[in-house]
Each structure stands twice: as structure tokens, then as C-alpha cells.
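Q: Give me coordinates for this.
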Amino acid sequence: MRRTTRTTHRIVAVPALVIAVLTAGCAGPSTHPADPAAGQADGSGTIKPRTAEDRTAKARTDTAQTGKAENLKAENLKAGTLKAREKVPVAVGYGGVVSSVDPDASAVGIEVLRGGGNAVDAAVATAAALGVTEPYSAGIGGGGFLVYYDAATRTVHTVDGRETAPRTADASLFLENGKPIPFEEGVTSGLGVGTPGTPDTWDAALDEWGSRSLRTLLKPAEKLARDGFIVDATFRAQTQANEARFRDFTATSELFLPGGRLPVVGSVFRNPDLARTYAELGRKGTGVLYRGPIARDIVNTVRDPQVREGATRVVRPGDLTMRDLAAYETEWRRPTRMTYRGLDVYGMAPVSSGGTTVGEALNILESTDLSEEPEVGYLHRFIEASRISFADRGRWVGDPAFVDVPVKGLLSQRYANSRECLIRDDAVLKSPLAPGDPRKPAACTAAGVAVPATYEGDNTTHLTVADRWGNVVAYTLTIESTGGSAITVPGRGFLLNNELTDFSFAPASPSVPDPNLPGPRKRPRSSMSPTIVLDQRDRPVLALGSPGGATIITTVLQTLTGVLDRGLPLVDAIAAPRASQRNQPTTELEPALWNSPLRAELEAIGHAFRQNPEIGAATAIQRLPDGRWLAAAEKVRRGGGSAMAVRPSGTP
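A: From the prediction side, this is the model:
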């Protein structure tokens, strides 16, 4: 696995004018844990590679930690019966915090922090646990993006673990006789499966910043898969929504429809195959998934999906090879950065569109004092800024190895000003809106033909972690659609992604260049938006992210403005009813807004809406003025999330 030089990015200090209350009294920089295996920081803040002696010391440390990991869920095992953990959406305390959608996964991360692990250790362990309890959203068959704040150097770094297309892929990947195949035939197929990036992301992050071995950090998830977890209503509902697809694949049906039936709420769901897979990854390293027997099983499954006899579904095979898996590499990317209300907002660079699109929208909103706007005015400008930034996203953002993405231009305030002037208080822009040209900003002008936005799957998961030293991780990972491709690798216990369907099947318009067409070993564009916000002294203020396909961007944007502009407590900003405009003729509204008088007020301006029952399921952390951490998750969406602190200390 290639290790390219990491780009550190010092933050220019900008006076914080708006939310000094959020950052006053934050602790200063600190060092990583006193773990000889974690590597040593030199005077420049660069982590030196571990020596053989370091790794020996690390092994001793890991051995000492294994006993704690093995007993992680002992309190839940009484007379052989598991007990469901309570979901609590907000937690405050010292020693670090974890926020995820699942209480078992959050508890795994907290135990790692409690045992002396750092934020990266806890993030990897939590992500592995989510692969057990949230298998339809994430797992080792998918990919993701990790954004990391290093408290010792006060710098932000990112790891791109996005999936890649086979080397044989080209712009005709999803075409048949020159026309796009039915979308469903791309989703539920080997054709949509890209080389997974999640295991290599874990390896890369731990190698750079971790203080525990992957083997140690996989132990709690291995135990969780072996012993099982309590099925809740969300897990059953997601299984039911995929029941027809799951029944058509023998390995998937055997795993997720035990006995041919949907799992019952309150029952115990076990995945011994995944437990064995995690154990193998722990013993042998992630190389077995890219070059070893697990890789072989993935390739065989993609090229010849095990469809049940009598199934009528068209299941297209893919062209993934052992060579494709062996060639996979995570990428170190310079994070995106822009300044908003005196704070520095860091995000994920292309091939994610999250950092540029959230950043452009914030720059557009910068000219308006949103704290003084009535609710209808705030939502109007939020919707219009989202519409404009999505128009530019569709034209300019793709895999930077294949297309020249004008990141600097998209994030420039000059360009945002040239687009902001399109917004009127008494009228609504029409979608699809034409893009601008960030290379040559011109006020209130378009630079091409308007094209509609392409579809992007709506399920992912996000976790946010902070540790006692002040390090922070915002990590979004996914297998694309709920249930991914619906294809389980036989005997391995995990679903394969269908991420390649994030490519455009065909150009939206023949007259407009499309930066997101398939290509050999190309990464499909993503909307995942793990985000970290720092103050003028380069200290963390917020970190957040969300699932939800392209609605991720609008969820992160709305949550950020809810806290920074509207003054909402973090948990309430996450819970607030959402709107999502993605350069479509209609804006999606959650029921609370759909049924609100605000809808009629916005329609009077010219907005058109359609209802979406649920948008996103965000998690976030915040550093409080007194030095404590606050973790926040959903109150209701996806059954509610789970926020935990190492040492709880009351309410904020």
C-alpha cells in the first residue's frame, strides 16, 4: 500500500466574531498518548515511522489491552441473555466522547478511549462494530472518508478510502446498445461493485496516528458479531425493505433472513461468519482482503453472484479481478478549507463533493446575517445557496485523477459573490440551474447548459470521536444503497457495495462535459461530508457528518448554520426538521416542515416541494467552553442515535 507524503495545512488565524462563546476556555494543544508504538513527533509536528522496537512495545501494550476488549460487553451478558443498550442522543463529559447511530458501536469506541486508546483507535473500533450492527449501511465491503484533527500539531488531515472501478471500466460501463441499463440492474448486481476501501482506510489511519493494533481494535466487533446484538425496529424495517432483493441471493438470505423469515424485534442477531472474517483480518492483516483468500472470495462473488434457483431478477456480473484489489490504494488528500463567521471549516476534497459544495454554499450565505433573518428568510436563502452549489458540483466535481477540479475557484469568496447575486428575496431560482465558471467568475452569469442532478444512494453511516488529548475524527463510511448490492460474500458475513452506481450512467446532457462518468480505477463522486470546524487558535469547535446520499451535503450545511447562525444547541440543530435542495425542480421537506406554516410562506415566494419522510442521521461533537466534550446524535431519525462520554459530567 503506497504511503504518499501527507499534506499538513496550518490555519490562518481569523478573528472569531460570532461564536466566541463556543470556543472560550478550550484546552490548548496536547500530545498523543504515551505509547511507544504510536510513533514520535519531531519538531515539525511530523510523526516519524515506527521502529521495530516501537512495534515490539506496541505488541506488549496490545496484549495488556486485549483482556479489556474481550470483556467489553460482559455487563450485557446475564444468564446467557443479551440486553439492549439504551440510546441517548446527547452526552457531556471528560476523557473523550463518541457519537454514532448505534449504542453497541458507541460503547465499543468509549471502551477503547477508556482503555487509553486515541480518537483514531476508537473510530476504527467503532466503525468495525457498525459493520456488525449496521451491516446495511457500512462494512468492510465498502469505503469512506476520514477527516482527522491532530491536537499536537493543530492540523487537519484526510484519508480517501473511496471505492474504485475495475481497470476494464470505461464510460460505457452502464450502457447497453448505447443506452443506460435500468438503474435497478446496476444497483443489485456485481456490475455496481467497486474495490472496497474501508479495510485499507483503517490500516492507513492506524499506521499514521493509531496507538493500538488492528487486531486489538477488531476484537470487540468480533465478539459482537459472535455473541450477537438485539434486533431493533430500524434493523427489521431495513431488512424488510430489502427482503425481495435479499431472498434472491442464497448467502444473503441465509444470513439476514434466518430460517427464511425476517428478524424479530427483540431477538438476537448473530453473524459468526463476520466474526471469523474479523479474526482473520486481525491475525493476518488487511492484505488478505486485497491479495489473499478473502480477495479471491470477493472476486468470485462479483463475477458470479450466487442467485437462488428460480429467481427472475436480472443480476449482471461484474468484472472485478484480483489485480484490481491488489492495486487498491487509499489517497492522502489536502482537506478543503474555507472561513465562515471567523471559523475555519475543513472538509473532504474531491473525489468527495462534500467539502467544495458545503464550502461554496457557506461562502454564498456569508453575505447575509442569518441570525437576524426570520425562519422563512433563513430557509429561503439556505435552499437557494444549496441549489447554486449543487449546480456547480454537477459540472465541475469528479475524480481529480481524471478531471481538473477547480477546488480553489469553487471555494473562493469572489466566486461565491458572483453566484450569490442570483438570489432574490422575492423570487425563486429554477432548477436545473446552469453552473457558473469558477475559473473566470462573472457576476450573475452562467457558464453552460443546465442539467439535472444524478441519483445517489441514500444510506451510509457517520461517527464522530474526540479523545482526552483533543484529537478529533469525523468519519463517514458506506456501502451505498441500504443493503448495498444485496450480495453477501459467502462464508464471510459482509455485503458488497454498489458504489459504482454513483457514477453517471450516461452524460446528463451531450452538450455538457460530465466529470463523473466511469473510468478504469476511477473513484465515483461522493457527497459524504465529514467536517471539522476550528477556531482562530486552531482548536476544534465542532465536528460532524451524516448519511443520506446527496442529502448529506444539505444536512451538514443546515446543521452548521443551525449552530453557528441560529444559535441552536448542537443536539437540537441535528434534530431540527430538514429541507434538501439539490438543483432539482422541487425541494424535499421532512414532515415537520411539510406540515408547517413555513411551507405556505415559502410557496408564496415560488418554492415547490415534495415530502421526504426522513433526511440524514447526523452525529457530531462539540468542545464546550469549560473544556468538556459534548457528543450529539439523532433523537428520532433511524431510531435515534447514541452519544457517550468516557466520564459523564452532567448537562451542558
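
Q: Next secondary structure after the longest strand seen in the chain?
A: Secondary structure assigned by DSSP state E gives strand 90-100 as the longest strand of the chain. Past strand 90-100, further along toward the C-terminus, the next helix or strand under DSSP states H and E is helix 103-114.

Q: relative orientation of that following helix and strand 90-100 in degrees?
A: Orientation check (axes from the mean of the first three to the mean of the last three CA atoms, to 10 degrees): helix 103-114 against strand 90-100 gives 100 degrees.

Q: partners of the residue nearest the centre of the chain in the sheet?
A: In the chain, the residue lying closest to the centroid (CA atoms, centre = their mean) is Thr476, at 1.8 Å. Counting by DSSP bridges, Thr476 forms beta bridges with Phe145, His462.

Q: Could you do Ala91 as well?
A: Under the criterion used (DSSP bridges), Ala91 bridges to Ala631.

Q: what residues are up against it?
A: 97, 99, 630-631, 643-645, 648 (CB atoms under 8 Å, 6 or more residues apart in numbering). For the C-beta atoms, the positions are set from N, CA and C on the backbone; glycine is no exception.

Q: Produce a ChimeraX select command limited to the buried residues of these.
A: Selecting only the buried entries of the contacts of Ala91 in ChimeraX, with 16 or more other CB atoms under 10 Å as the criterion:
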select :97,99,630,631,643,644,645
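
Q: Tell me which two in the contacts of Ala91 are the farthest apart.
A: Spanning the widest gap among the contacts of Ala91 are Ser99 and Pro648, at 13.6 Å by CB to CB.

Q: thinking again about what came up before, using CSV, please lay out the contacts of Ala91 together with distance to Tyr328 and pLDDT.
A: Shown next, in CSV, are the contacts of Ala91 (distance: CB to CB, whole Å; pLDDT from 0 to 100):
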residue, distance to Tyr328, pLDDT
Val97, 32, 98
Ser99, 29, 98
Leu630, 37, 98
Ala631, 32, 98
Ala643, 33, 98
Met644, 33, 98
Ala645, 36, 98
Pro648, 40, 96
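
Q: Which residues are in contact with Val302?
A: Here Val302 is in contact with 190, 193, 317-320, 487, 496 (criterion: CB under 8 Å, 6+ apart).

Q: so which of the residues you listed would you say is closest to Asp170?
A: Nearest to Asp170 out of the contacts of Val302 is Asp319 (CB to CB; 10.8 Å).

Q: Which helix or strand contains that closest one?
A: Residue-wise, Asp319 maps onto no helix or strand under DSSP H and E.

Q: okay but it is in contact with Ala169, surely?
A: Yes: counting by CB atoms under 8 Å, Asp319 touches Ala169, with 7.3 Å between them.

Q: For the helix or strand hosting Leu560, name the packing helices and strands.
A: Element membership for Leu560, per DSSP H and E: helix 551-564. Packing partners of helix 551-564 (3 or more CB pairs under 8 Å, 6 or more residues apart in numbering; DSSP states H and E): helix 354-365, helix 375-396, strand 531-534, strand 540-545, helix 570-575, strand 579-580.

Q: and that helix, how far from the chain's centre?
A: Its chain's C-alpha centre and that of helix 551-564 lie 14 Å apart, by CA atoms, centre = their mean, to the nearest Å.

Q: residue ranges with poor pLDDT in the stretch 451-600 of the chain?
A: 451-458 (pLDDT under 70).

Q: at 90 what do you get?
A: Low-confidence segments of the stretch 451-600 of the chain (pLDDT under 90): 451-460, 507-513, 548-549.

Q: what sits against Arg647?
A: 93-95.

Q: quick one: which of the residues you listed is most hemmed in?
A: Gly93 (19 neighbours; other CB atoms under 10 Å).

Q: so who does that residue touch?
A: 628-629, 645-649.

Q: Next, give phi and psi for Pro518.
A: phi -60, psi 160 (degrees, to the nearest 10).

Q: If we ignore the residues flanking it in sequence, what's nearest it?
A: The shortest distance from Pro518 to any non-neighbouring residue, by CB to CB, 6 or more residues apart in numbering, is to Leu173 (4.0 Å).

Q: And the one you found, what's its pLDDT?
A: Here, the pLDDT recorded for Leu173 equals 97.

Q: Wasn't it part of a helix?
A: No: read with DSSP: H, G, I helix; E, B strand; the rest coil, Leu173 is coil and lies in no helix.

Q: Surely it and Asp502 touch.
A: No: look at Leu173 against Asp502 with CB under 8 Å: they stay out of range, at 11.9 Å.

Q: Neighbour count: these two, which is higher?
A: More crowded of Leu173 and Asp502, by other CB under 10 Å: Asp502, with 27 against 24.

Q: Which residue comes closest to that one once chain neighbours are left out?
A: In space, Asp502 is closest to Pro524, 3.7 Å off (CB to CB, 6+ apart).

Q: distance of the one you found from Ala244?
A: Distance check for Pro524 against Ala244: by CB to CB, to the nearest Å, it reads 25 Å.

Q: Show me which of those two is the more surrounded one.
A: Under the criterion of other CB under 10 Å, the comparison of Pro524 against Ala244 puts Pro524 first, with 26 against 12.

Q: Number of residues surrounding Arg599?
A: 19.

Q: for it, helix, strand, or coil?
A: helix.

Q: May I have the residues that are in contact with it?
A: 589, 593, 609.

Q: Dump these to TSV, plus secondary structure and distance to Thr133.
A: Compiled in TSV, the contacts of Arg599 are given as follows (DSSP: H, G, I helix; E, B strand; the rest coil; distance: CB to CB, whole Å):
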residue	secondary structure	distance to Thr133
Leu589	strand	30
Leu593	helix	30
Phe609	strand	34
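
Q: Highest neighbour count among those residues?
A: Counting by other CB under 10 Å, top hit in those: Leu589 with 25 neighbours.

Q: Hmm, Pro613 and that residue touching each other?
A: No: between Leu589 and Pro613 there is no contact, the gap being 10.2 Å when judged by CB under 8 Å.

Q: Share the number of residues neighbouring the spatially closest residue to Gly190 that is not a sequence neighbour, please.
A: Once flanking residues are discounted, Gly190 sits nearest to Gly318: 3.2 Å by CB to CB, 6+ apart. Each residue near Gly318 was counted by other CB under 10 Å, and the total is 28.

Q: buried sites along stretch 632-644?
A: In stretch 632-644, counting by 16+ other CB under 10 Å, buried: 632-634, 637-644.

Q: Looking at those, point me to the pair that's furthest apart.
A: That would be Arg637 and Met644, which, of the buried residues of stretch 632-644, are the farthest apart (CB to CB) at 18.1 Å.

Q: thinking again about what came up before, how about TSV for the contacts of Ala91, with distance to Thr461 added?
A: Compiled in TSV, the contacts of Ala91 are given as follows (distance: CB to CB, whole Å):
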residue	distance to Thr461
Val97	17
Ser99	11
Leu630	20
Ala631	15
Ala643	15
Met644	16
Ala645	20
Pro648	24
